[in-house]
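[1] the following comprises the amino acid sequence and a computationally predicted model.
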Amino acid sequence: MKNKFAMMLLVPALMLGAVGCAGPSNHTERGAATGAVLGGLTGAIIGHNKGRHGAEGAAIGAVVGGLLGGAVGNQQDKNAGYK
């Protein structure tokens, strides 16, 4: 049980470390990436705590978080004058 929780935290951290300096160049990309990671973590935790599959919750959370994060980042780009 503790190993699964540790892996849910470790895998996204390793994925973020793998991209390193080649990060997103605008708010839309950054918001989508951040939203996907945070949504995936949140979905995995909620799915696991509800007694369901954590992987399904992570997938759903990543998609929803990515979409919402991208939308917020896109609005920030528009406010900053980017096209």
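    Yep, it's here.

[2] for A36, which non-adjacent residue is spatially closest?
    G66 (3.6 Å; CB to CB, 6 or more residues apart in numbering). To be clear about C-beta, it is placed using only N, CA and C from the backbone, and glycine gets the same treatment.

[3] packing partners of the host helix or strand of the one you found?
    Assigned by DSSP states H and E, G66 falls within helix 54-80. Counting contacts by 3 or more CB pairs under 8 Å, 6 or more residues apart in numbering; DSSP states H and E, helix 54-80 is packed against helix 2-19, helix 27-49.

[4] hey, least reliable of those helices by pLDDT?
    Confidence, taken as mean pLDDT, is least for helix 2-19 of the helices and strands packed on helix 54-80 (a mean of 59).

[5] that older thread, buried ones in the helix holding G66, by neighbour count?
    Buried residues in helix 54-80, counted by 16 or more other CB atoms under 10 Å: 54, 57-62, 64-66, 68-70, 72-74, 77.
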